Each structure stands twice: as structure tokens, then as C-alpha cells.
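Asks: What would the 3D arrangement of this be:
(chains A and B, ligands or ions: 2)
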There are 2 protein chains.
Amino acid sequence: MSNLVFDESSSNRESSRGYAWWFSGDTFERAAAAERQVTRRHTLRQHMASHPGRLTVIYFGILVMVSTAMLLLPQSTPQGETTSFSTALFTAVSALSTCGISIVNSTTHWTLFGQGVLLVSVQMGGLGVMTFASMIALAVNHHMKATQRLLTATELGTTKLSEIRGVLTVVITTTFFIESITFVALFPGLLSINRTDFGKTAWEALFFAVMSYNNAGFTPDGAGLYVNSWAVGMPIMAAAFCGTLGFPVILNLMRCARRHVPPRRWSLHTKVTLTMTFLIVIASLTWFLLVEWDNPSLFKDADVETRLRHAVVAAVMPRSSGFDLSWVPQVSEATKVFMSFVMFIGGGSTSTAGGIRVTTFAVILLVCRASFTGHKDVNAFRRRIHTNVAMTAVSITTTCLMLVLAASIALMLVANVPLSSALFDACSAFGLGGYTVGVAREDNPAALAILAITMVVGRLGPMTIAYSISRPRALEAVRYPTEPLVVG
Amino acid sequence: MSNLVFDESSSNRESSRGYAWWFSGDTFERAAAAERQVTRRHTLRQHMASHPGRLTVIYFGILVMVSTAMLLLPQSTPQGETTSFSTALFTAVSALSTCGISIVNSTTHWTLFGQGVLLVSVQMGGLGVMTFASMIALAVNHHMKATQRLLTATELGTTKLSEIRGVLTVVITTTFFIESITFVALFPGLLSINRTDFGKTAWEALFFAVMSYNNAGFTPDGAGLYVNSWAVGMPIMAAAFCGTLGFPVILNLMRCARRHVPPRRWSLHTKVTLTMTFLIVIASLTWFLLVEWDNPSLFKDADVETRLRHAVVAAVMPRSSGFDLSWVPQVSEATKVFMSFVMFIGGGSTSTAGGIRVTTFAVILLVCRASFTGHKDVNAFRRRIHTNVAMTAVSITTTCLMLVLAASIALMLVANVPLSSALFDACSAFGLGGYTVGVAREDNPAALAILAITMVVGRLGPMTIAYSISRPRALEAVRYPTEPLVVG
Ligand SMILES: [K+]
Ligand SMILES: [K+]
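Replies: Ligands and ions are numbered 1, 2, ... in the order given. Alright, predicted model coming up:
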């Protein structure tokens, strides 16, 4: 075990020069350092960097406290209004987890200062989760590669350590790059709506740009109705869509575009994420066109172009972004269940979207496909998916499904709402969708607490599970004999 | 592959003498026969015996047709009443799948002849599923042992071929033995209720004995209120509980008792089934005592002994038996969700109970435990669970969860009921629980059709999935390299 660790980390050393803190999320690195008898200095920075899971919790914990305190300041609320502690805490958690469920009107309840706090919270939450999730993903893969070497040395050929150079820099650069493009794209549309008020337009464009890429559904215009115009809606939707893909996909796509790499040589993660996202959006679009076509709340004014635009928005938005929420409580009960399912799946790994992540769901489906076709290997796009990844996907899905069910039942008990509404809000909180059908209410702190906890679980849960599962442990002491067990 | 097959089947030949048709569910046997150049006679019996999955479908298909026709006969319904085709078909499916959801009052709508048809249908359905499921389980294990030999010859030491001697005989013997005991145990209690009417008592005792062991919740006394007396309720509950364990468990327990084998040497399947069943009943009991203690419909008359008896009945019955349904529509919404979950899990494998089966759920939990503790092997009670079993469990759970969700959404659309009711009835039909909260109604043939299909899926689905997954196929042509995939 220790030799293995040493090999792996020393082979990584070359390619990771200058990004040592990045890699040190992998505990192998530390073990290797110990082996080489290098004096270990237990500085705070080292300690924190070697525990990305713990670091994430500390980062979000501090930010929630700061953000809640800022929202409670008198400057955040206009004269005459007050903010209760539970409202401030819920809003802070909602912003930092980029969920975006709001229980007060973001335009009238908050001053420009308060909206600024929301903006910075969402931006810090988004950057934080992208960075930490990427760190954890790297640590997980790093460990898996090391484990794999034990199995077959040749399989290490697929290791692409150059991929992980300077991810933090690129996370920040990409975020601000996409947000800037969105800002510029939004400007003309918002300017025409605001009748040439430059200051207001700039603020709204900035607000929408940050909110959309980070998939937090707060809106500066209260009801979010601007989204219904193409000039405003499309840039927001495009930015939100980019935000749900997740960092490894964006990075891989940008690199492949620069080097003219054909789609068939994209990474497995990119292919799986894009395929699954595409399938979910198509399924969603089909559902809304079939089931909600005659819903007067969703498709009022009835001309086909409006209906199509509404259907597209309804298909893309609920997955994580949560803009344009006016129509949500008006959908049929069956659509609420369907949307709950879509929100539960969520977006891409290491993105600002929530849920169990599309890749997790894809792996579950691939395990089923492999079983039904009688294969032991779980394959996708001519690549084999590691057993650990499959087990992690099963664990994440099972754990999260039970948590969402428990949260739904708890909401039914404390808020006395029907199952469909409780499930919708629980999935919206867990999947960071940002919609609500009325369970999240200022006057029900118990329901707010359940939803806030669900948001935190949705934000940190799946990646923490993935990390805790991939943590290196002692080798199996005993291998037990198998015995038949009848299932099904 | 062919040598392996030959080895395995020839080693089995000795122990399977006299039960050749039983083993021939395993297609290996056929391959071996071909290899030894024995002339194959394609008799109908051979063909059917070599495809237990197909045979099951044919068996149940014919019985549904016969039973529906018999229920439509004028003799089945009292003078003045008529039975529609959809009612007869639904009742036949409900009886043959041992689900027991009834849309008409079994006492007043059916004559003694009609009740006899129900009785025989339930008995044939119960015997059929126990026999076929055992056959399929044997074929699955048979195949797994063969595959395993390829991996490690030593692991075949755990093969206990003597276990599978004469299962059909024992299925029938055990069934009639337990039903006879139940009949005798029920007689005094029913006699005192019926005020010494021997004929009526004998009929009711027979009816309850068959219904309870086969876990079909039809009752000869309409509302099923007799169950509320200890003298009638306890024998019924005990028989229903035995019925949910599944044949391998009962057989193993009986053998162990005869040979004075201590519990720690029970089979893995027995240990897992009993532990999981125990945990679910305890969780159920806790739920009803905590959440429904003050429900006047469930716990009326309010003395503690009555409340406890109701809680025990409520904890044990919904898992599959479906007696005493008067209180079900009165439970809180949250309890409906909890009961749906319990019914979805269902009972033991190869039993008359439905659901994904407790062992399937246990394997999913064991996969999670293995992941969280950083193990690659999925262990339980110092035995390793085969990867194929784990993959089968994941496939069954995923497929069935989606089917139940789809059925719930379909029920919401056709019957315009809230999600909790639709989910409850879908889970009740899938898990063969036999309760209904009013979605199954004579005047809604679309809802009846959806529920009937769900029952058939619940009856045949999981074991068919397990069998189709274990079917031997061509070996993997290519083993692809792995590539990292980020989940969570
Ligand atoms: K959101
Ligand atoms: K039943």
C-alpha cells in the first residue's frame, strides 16, 4: 500500500508543480511525504488543504454567519420593514447554496445594499462550490487511479494529469468570462425595458448575470417576468445552462475546441453529462408540451410561439436555475411530481446546480443496462466505469432519496401540506431548484429549518459522500466466501 | 464456457436425480446435454420446463382467463346483481397475484360459488408463484455458482445442492401444513363469533386460512372486522407473517430446527430476510405508535391494549396481507407515504408477498454501508454478496421505482386524485398489499387497468428481472479501459 502511494504521488509531482496545495486534498500525498521523511509542518493552511471536505464545511459555515449578519443590518432593509432572524438565515443559506428560494420579495424587501449582499453571497457560494467540488473530484480520481494501479498497471495509461493544472485559476477566469458575456448580452434587452435608465440597467444586468451562471433564482424585478422576453430570457437561459454543466465539462469543451478535438474524443465525463442533460431537457420539453399545453396559467395568450418559449423555459429552468417562478404553483399535480423528479436529478457534477447530479443518475441507468444485457462491466462510450464509481452512485442516490423522502414527510407533518407540494419543495431545496409551491413561508420557521437543512445537504451532501467513500482505508483484512442470496 | 457448463451440470446430476425437470430451468443443463450428444427431444414439457420465466407467464395468463370467465358466470353473483367484465378481470388479477384489492364487497357481491373461485384462484396463484419463484431462484443460483467456478474453484465449497431436493413437494406440503394449522387455530375464535354455526365457521376458517398464508386480503365477512379480536387476529397474522418470509427461509428454518442447527449457522438468505423483516416491523410499529397514537379512526375506544393491538396489526399487515382495511383511508397523509414505502419494499423473496422484496432492499443498504466504510466487498454476516446479486438488486429497485412513479403519475392523470393516494394505491398494487384509499373504483376502468398492470408487474416483475439478468450470455468480447467519471 505504501509503495503504491509513493509511486503514484511521485509520478504526479512533476505535473502538479506549482499546484501542490491543489493536489494535497489527496491524503496519499501526505502519506508519501511521510515516507520520504520530509519534515511535515502542521500549518493551518496545510491542515485545511488536506481535508477538502472539512474545509468546505468551514467555508460555508463562516459565509452563512457573515451573510446572515449582513442581512440583519438595518441598511439591508428599507425604512419601516424588519427582517426576522429566521428569514435572514434562510435567505443567506438559500443564496450561498445557490438555491434561490426566496420567502420575501427580493426587490421590495431588500435595499440595494441587501441585494448586494445577496449578489456577493451567491457569487461566493458559486465559486466556493465549484472550487471545492473540483478539488474533491480530483482527490477522488487521484485515489481511484492509485487503487487501479494495484489492479492493472496498463490501465493507468488513461490518466491525464495535465488536465488538472491550475483549476482554481480557470474556475475564476471562466466564471467571470461567462458572466461578462451574459452581462453584455443582457444589456440591450434590459435597456429597452428600463427605457434608457443606464444605472438601473447595469445593476439588473450584473444581478441577472451572476444569478444565472450561478443558478440562483433571485431576481431584481420581483416576479421575474422579464425572463418572458426573448432578449432577456435567452442570455439568462444560456448562462444558466452553462452553469449546470459543471466545471470539468466546460474546461474539457474549451480545450477540445481550442485543439480542434472531435466530439468522439471528448472526455467520458463530458459525453455522459451532455448526453444525460440533453435527454432530460428533451423529456422535460415533451412533458410540458403534452401535459401542460392547455394550462391557461402556463400558456396564456395562447399563440404557438409564446407557448413554445414557455415550454422551453419550463424545460430548462427547473433543473436548477429557478427563474420565472410565476407559473410554477399553477401547474397540474402530475407536473409537480415530474418536476420534483427532474430537480432531484439536478445538474452536472461540480457545478452550481444541485441534485444527485446527472452523471450519478446516468451511472445508475448504466448499471441497469449492464445487468439487463448480462454484462458484469458497466460500460459507456467504449469506456468501463469503475466499480467504486458505481457503488458511489448507488450510495448517493439511495441516501439522498431517503433524505428527500424524510424531508417531505417532515414538511407534511409540520406544514400540513399535501405530499405533492411537500415533495416539490423538498426536491427543489435538495436539487437547488429555487422554486416553491408555498411550503416555504416566513411564518413557518419549522418548515424553513427543514428546507434550509435540505439545501445544505443538497449543496454539500453528494460530494461529501463521494469524498468520504473514496477516502483511503485499511485494506480488507478478510475476504469472506460468497453465499447465494435470493433477491427479487 | 462449454467445459465449465459441462462440469457444473454433471456435478449436479447426481444430487438432482429424480428432479431433472426441476433443474432444467437452468439453461446450462441443456447446453451440457447438447455437448454430450444426447438426442434432444423437443417435447412441450421440456420446452416449457427449460424456460421458467415463460412458463410463469403462461401459467398466470391461463389462470387469469379461467378465473375471469368463472367470475362472470351467473352462479358467481347473487340474483339481481351483475358483474362487469372489468370488475371480473380486476378481481381475477387481484386474486391470482394474491394482492387482494377488492372493488366490490366480497361477501355481498359474490355467492358461495364466487367466493370459492376467489379461494381457488388465490391458492393457485400462491402455489404458482412460490413454485416458479423457487425454480427461478434455483436457476439463478445455479448459474451464479457456474460463473463463480470460473473465478475461484474453492468458493464452490459453499454450494449446497442437497438444499434443492424436492422443492415442489415441500412447497405443497408446507403450504397445506401451515394452512391446516391456521384453520384449526381459527376455528374456536370464529365459532364463538358465529354462535356455534359449524358450517359457516368451517367455511370462514378455510377462507381466512388460505387468504392469510397466501397474503391475499379478501375477507368472507366484508369489512374484515373479525381481525380485531385476538382469537381470530393472531392466527391470521401469524400465518400471514409466515407467508411473507418466502419458501427458502421456511425450508431452512424447518431443517435447522430438525437438526438442532444454531441460528448463527442459518443460511445467509434466512438471516438477511429475518433481520430486515424484523427491522421493518419495528420501524412500522414505532411509526404507528408515534404518529397515529391520537388518530380516533385507528385507535378509537382508546384503551391501551386496543391501541397496541391495532398498532401491531397496522405494522404487520400492510407489508403484504391487507386484512382489516377499515382504518386505512383514515390515516394521516404522512402515514400513507410511510405505508407506501413499506409496501414498496414488500416481503421475502419467492413468497406470496410482493414489492422489491426485503432482501433486495437489504442488499442496497449493504452496498451503501460497504461504500461508506470504504470496502469494495459487500459483506453480510461474514459472507460476501456476489457482485451480480448487488447489480440485480440495483436494477430491480431502479426499474420498479420508476414503474411505481409512472403508475402514480398515470393514476393522478386518469383518476384526478392527489399524489399521496395515487402513490399509496400504486405501491399497494405493486407491493401486493391489498389496501386501497379509493383510487381503485369500479367506475374508473382506466385506473383499474393501471392497477392491474402494476399488480402483474409486482407479481412477476422482480423475479423476471432477476432471471433475465442471470441468463447466461456470450462472454465479454472486449474489456474497455476505465476512465474517471465524476459523480455526486
Ligand atoms: K437555483
Ligand atoms: K395482499
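
Asks: now residue A:464, what's its secondary structure?
Replies: When classified by DSSP: H, G, I helix; E, B strand; the rest coil, residue A:464 comes out as helix.

Asks: quick one: pLDDT of the most centrally placed residue in chain A?
Replies: Taking CA atoms, centre = their mean, the centroid of chain A lies closest to residue A:353, which sits 2.5 Å from it. As predicted, residue A:353 sits at a pLDDT of 84.

Asks: mind listing what it touches?
Replies: A:215, A:243, A:244, A:246, A:319, A:320, A:346, A:347, A:431, A:432 (CB atoms under 8 Å, 6 or more residues apart in numbering or on different chains). C-beta: built from backbone N, CA, C; applies to glycine.

Asks: what about the last one, distance to residue A:458?
Replies: Taking CB to CB, to the nearest Å as the measure, residue A:432 and residue A:458 are separated by 5 Å.

Asks: Name the residues contacting each of these two.
Replies: Counting by CB under 8 Å, 6+ apart, the shared contacts of residue A:432 and residue A:458 are A:97, A:99, A:346, A:354, A:355.

Asks: The first one touches residue A:125, doesn't it?
Replies: Yes - with contacts counted by CB atoms under 8 Å, residue A:97 reaches residue A:125, the gap being 6.2 Å.

Asks: intersection of neighbour lists for the two?
Replies: A:60, A:459.

Asks: neighbour-wise, which of these two wins?
Replies: Per other CB atoms under 10 Å in any protein chain shown, whichever of residue A:97 and residue A:125 has more neighbours is residue A:97, with 30 against 27.

Asks: State the number of residues packed around residue A:263.
Replies: Residue A:263, neighbours per other CB under 10 Å, totals 10.

Asks: do you know how far it is from residue A:199?
Replies: 44 Å.

Asks: and if you look at residue A:289?
Replies: According to CB to CB, residue A:289 and residue A:199 sit 40 Å apart.

Asks: cool, residue A:64 as well?
Replies: Residue A:64 is 31 Å from residue A:199, by CB to CB.

Asks: try residue A:134
Replies: Distance from residue A:134 to residue A:199, by CB to CB: 36 Å.

Asks: With neighbour numbers in mind, choose between the two.
Replies: Counted by other CB under 10 Å, residue A:134 and residue A:199 do not tie: residue A:134 has more neighbours, with 26 against 8.

Asks: Please settle this for me: is that one part of a helix?
Replies: Yes - counting by three-state DSSP, residue A:134 is found in a helix.

Asks: Please name the residues that touch it.
Replies: A:167, A:171, A:247, A:248, A:350.

Asks: Quick one, which of those residues are buried?
Replies: A:167, A:171, A:247, A:248, A:350 (16 or more other CB atoms under 10 Å in any protein chain shown).

Asks: Among these, which one sits closest to ligand 2?
Replies: Of all the buried ones among the contacts of residue A:134, ligand 2 sits closest to residue A:350, with 46.0 Å by CB to the ion.

Asks: and that closest one, which of the three is it?
Replies: coil.

Asks: Assign a three-state SS to the residue of chain A found nearest ligand 1, would you?
Replies: Here the residue of chain A nearest ligand 1 is residue A:434; by CB to the ion that distance is 3.3 Å. Under three-state DSSP, the three-state class of residue A:434 is coil.

Asks: is it true that it touches residue A:217?
Replies: Yes - at 3.3 Å, residue A:434 counts as touching residue A:217 under the criterion of CB under 8 Å.

Asks: Quick check: buried residues in stretch A:173-191?
Replies: Going by 16+ other CB under 10 Å, stretch A:173-191 has these buried residues: A:174-176, A:178-179, A:181-183, A:185-187, A:189-191.

Asks: burial count for the closest residue to ligand 2 within the stretch 201-350 of chain A?
Replies: Residue of the stretch 201-350 of chain A nearest ligand 2, by CB to the ion: residue A:337 (25.6 Å). By other CB under 10 Å, 22 other residues sit near residue A:337.

Asks: Toward the C-terminus from the helix or strand that contains it, list the very next helix or strand.
Replies: Here residue A:337, judged by DSSP states H and E, is contained in helix A:333-345. Using DSSP H and E, the helix or strand that directly follows helix A:333-345 along the chain is helix A:358-372.

Asks: Buried residues, that next one. List them.
Replies: So for helix A:358-372, counting by 16+ other CB under 10 Å, buried means A:358-368, A:370-372.

Asks: where does residue A:219 land in three-state SS?
Replies: When classified by three-state DSSP, residue A:219 comes out as coil.

Asks: I figured it hits residue A:210, correct?
Replies: No - between residue A:219 and residue A:210 there is no contact under CB under 8 Å: 11.8 Å.

Asks: what residues does chain A put near ligand 1?
Replies: A:100, A:215, A:217, A:322, A:432, A:434 (CB under 5 Å from the ion).

Asks: so the first one sits right up against residue A:210, yeah?
Replies: Looking back up the chat, that one is residue A:100. No - shown here, residue A:100 and residue A:210 do not form a contact pair, counting by CB under 8 Å, at 11.5 Å.

Asks: shared neighbours of those two, anything?
Replies: Taking CB under 8 Å, 6+ apart as the criterion, residue A:100 and residue A:210 both touch residue A:122.

Asks: Which of the two has more residues huddled nearby?
Replies: Neighbour totals were compared for residue A:100 and residue A:210, and residue A:100 leads with 30 against 23 (other CB under 10 Å).

Asks: For the more buried one, give me phi and psi.
Replies: Per-residue torsions, residue A:100: phi 90, psi 10 (degrees, to the nearest 10).

Asks: Not counting sequence-adjacent ones, nearest residue to residue A:125?
Replies: Among residues not flanking residue A:125 along the chain, residue A:96 sits closest, at 3.9 Å (CB to CB, 6 or more residues apart in numbering or on different chains).

Asks: what about the one you found, how many residues close to it?
Replies: There are 29 residues near residue A:96, going by other CB under 10 Å.

Asks: confidence score at it?
Replies: At residue A:96, pLDDT is 89.

Asks: what pLDDT, on average, does stretch A:217-226 get?
Replies: The average pLDDT for stretch A:217-226 rounds to 60.

Asks: and what of stretch A:280-292?
Replies: Mean pLDDT, computed over stretch A:280-292, is 88.

Asks: what does stretch A:443-463 give?
Replies: Mean per-residue pLDDT for stretch A:443-463: 87.

Asks: Could I get the buried residue list for it?
Replies: Within stretch A:443-463, the residues that qualify as buried are A:444-445, A:447-463, counting by 16+ other CB under 10 Å.

Asks: near chain B, from those residues?
Replies: Residues of those in contact with chain B (CB under 8 Å from any CB of the partner chain): A:462, A:463.

Asks: quick one: contacts for the nearest residue to residue A:415 once chain neighbours are set aside?
Replies: With sequence-adjacent residues excluded and distances taken as CB to CB, 6+ apart, residue A:415 is closest to residue A:447, at 4.5 Å. By CB under 8 Å, 6+ apart, the residues touching residue A:447 are A:411, A:414, A:415, A:439, A:440, A:441.
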